[in-house]
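**Student:** got a predicted structure here, sequence first:
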There are 2 protein chains.
Amino acid sequence: MPEDTSARPAGRFQPPDVRRRQILDATAALLLEDGYESLTVGGVAARAGVAKGTVYLYFDSKQALLAALQSQMWDRMLQRPTELLRQPGLTWTERLDGLVAAWITAERDDHELYHLIFHEPGGTAGEEPMSAARDLLVTLLTQGHAAGEFDVPDPELTADFLSHAYTGPCHHTEADTDITPAVQALFRRVVAARPPR
Amino acid sequence: MPEDTSARPAGRFQPPDVRRRQILDATAALLLEDGYESLTVGGVAARAGVAKGTVYLYFDSKQALLAALQSQMWDRMLQRPTELLRQPGLTWTERLDGLVAAWITAERDDHELYHLIFHEPGGTAGEEPMSAARDLLVTLLTQGHAAGEFDVPDPELTADFLSHAYTGPCHHTEADTDITPAVQALFRRVVAARPPR
DNA sequence: TACTACTGACCAACGGTCATTCGATCGATC
DNA sequence: GATCGATCGAATGACCGTTGGTCAGTAGTA
C-alpha cells in the first residue's frame, strides 16, 4: 500500500538547506516532547513531513542527526564569545564573564533541550563541537595569562576543567534564579583573575 | 528443540549475587572491547554464559543494567572520600585533596570504561548515583566553610560546579601524566581554601 | 528524455516477554 | 541410608513488535 501523502506539506521539492532545517527542527521538537528514549527516525521523518529515507539523504545515521543538532547548538553558544574575543578594549575578565553569561543564557533559553542533548547519547558523537568550545577557552586563558591578568599555568587543563564545570549548575538550578554572577565568580577564582589595571 | 548447553559454564544454578556480578562483568568487558554502540543484551548474555532472559531476571532493562554498572563505579569512587570525611584530625583542605585524588585515581584505573560509562547513554539513568557524589561534596564544602577554612557562599552550586569540572581533565589527558596536583590546585582555588591555622 | 530529490516496502537486528524446562531440595517410603 | 517423586524457583530461548538503515523504483523538473 502506498504511503499516505495527505499530511505532507505543500512543497515536495525543497532547497537542501530548508529540508535539513526541517528535519533538525522536527528532531528538536520531538526530543522536547517525548524525550530521548522515544526518539525514532521514523518519528522525525513523519514530523518533518518527509519519508524516512529522506532523513538518510541528509544525515548518515541517527547518531549523526543528533550530533548535527548538538553542533548547531554549540555554534550558537560560541558565536557571542567569539565576537568578544575579537572585540578590542575589553579586559580579559570581561571577556571571560561574557563567555560565561553567553553559555548560561544559551542553556537557559532552551533549557530542556540542552539538558537532553548534552546528556548525550552514547559515545563520542559530541566530542568535536565540544572541543571547539575548549579551543576558544584555551585561547582566552592563554592570552589573558600572557597579559598578566590571569594566572593560568596550564591553559589546556584549565579549559577542560571549566568547559565541563559550568554545565553542573545549569542542570540543577530552577529556571527562575539567575546563577550567572555566581558562576562568573567561580570562573574568576579558577583563573585567579586579578583586577585589571 | 532444547538449547545447546555444552558451551555453558559449569554451574547452572549460581547464587544471585554471583550471577549479578557475572552479568555486570560481561557488560563492562564488552563495553571496553566494542564500545557502547555495539553493546546488546544478547551479547552480554552470551558473554556471561546465560540466556538473554536471565539478564532480565536481574535487571529491569538495558538502561537499568548500564545504570547499575555506573552506580557500582560511583560506589567505588565515593568509598575513600566518605572515609576521609569521617576521619578526625584532618584539615578540610586535606579532605578535599583526598577526594580529588580518589576520583582521579578511580578514573585512571579504569580509564576507558569510565569514559564510556559517564559519557552516558541517553537520559537520566545516571542521575541518582551522581547526586550521591554531589551530596558528599555539599557536606564537605558546607562544613569546611563553617570551619572558616573555605569561603563557599553557595555550597550547592559550587558542588554542582566541581562535580562536573574534574571529569574534563580526566578525559583529555594522556594516561601517563599525573594531573592530580594540578586539579587539586584548581579545586582549592574554587573553594578559596585558606591555609589551616 | 535525462536527471534527481524523494519515496516506502523491505531487511536484519534489537530490546523485551513468557510459557516451558531444568534441577536442587526434601519428606515419604522401602 | 538409599531411592523415589513432588515441589518450586532459577534459567531458558523461541517469539514479538519496533527500530535503524537500505535501495529499487517513482514522481516532478528542466
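**Tutor:** All right, it came through fine.
**Student:** go through the longest helix along chain A and flag the buried ones.
**Tutor:** The residue-count maximum for a helix in chain A (DSSP state H) belongs to helix A:62-86. Buried residues in helix A:62-86, counted by 16 or more other C-beta atoms under 10 Å in any protein chain shown: A:62-63, A:65-74, A:77-78, A:80-82, A:84-85. All C-beta atoms are positioned from the backbone trio N, CA, C, and that covers glycine.
**Student:** ok, that helix near DNA strand C or not?
**Tutor:** No: Helix A:62-86 lies apart from DNA strand C when judged by C-beta under 7 Å from any atom of the strand; the minimum separation is 12.8 Å.
**Student:** in chain A, where is pLDDT below threshold?
**Tutor:** For chain A, applying pLDDT under 70 flags the ranges A:1-15, A:118-129, A:172-175, A:195-197.
**Student:** who in it is up against DNA strand D?
**Tutor:** Residues of chain A lying near DNA strand D (C-beta under 7 Å from any atom of the strand): A:12-13, A:39-43, A:52-53, A:56, A:61-63.
**Student:** out of the residues you listed, who's nearest B:Ala159?
**Tutor:** Comparing these against B:Ala159 with C-beta to C-beta places A:Leu39 closest, at 31.1 Å.
**Student:** which strand or helix spans that closest one?
**Tutor:** Assigned by DSSP states H and E, A:Leu39 falls within no helix or strand.
**Student:** ok, it - contacts?
**Tutor:** The contact partners of A:Leu39, by C-beta atoms under 8 Å, 6 or more residues apart in numbering or on different chains, come to A:27, A:30-31.
**Student:** highest neighbour count among the residues you listed?
**Tutor:** A:Thr27 (25 neighbours; other C-beta atoms under 10 Å in any protein chain shown).
**Student:** C-alpha coordinates for stretch A:182-193, CSV please?
**Tutor:** Listed in CSV are the C-alpha atoms of stretch A:182-193, where the atom choice follows Å, rounded to 0.1, in the frame of the first residue of the first chain:
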residue,chain,number,x,y,z
ALA,A,182,27.8,33.2,40.9
VAL,A,183,29.2,31.1,38.1
GLN,A,184,31.2,34.1,36.9
ALA,A,185,32.7,34.4,40.4
LEU,A,186,33.7,30.7,40.3
PHE,A,187,35.3,31.1,36.9
ARG,A,188,37.3,34.1,38.1
ARG,A,189,38.5,32.2,41.1
VAL,A,190,39.8,29.4,38.9
VAL,A,191,41.7,31.7,36.6
ALA,A,192,42.8,33.7,39.7
ALA,A,193,41.7,36.9,37.9
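**Student:** quick one: buried residues of it?
**Tutor:** A:182-191, A:193.
**Student:** how far does it sit from the chain's center?
**Tutor:** 21 Å (C-alpha atoms, centre = their mean, to the nearest Å).
**Student:** residues in contact with it?
**Tutor:** Counting by C-beta under 8 Å, 6+ apart, A:92-93, A:96-97, A:100-101, A:104, A:141, A:144, A:149-152, A:158, A:161-162, A:165-166, A:169, B:153-154, B:157-158, B:161, B:186, B:189-190, B:192 sit against stretch A:182-193.
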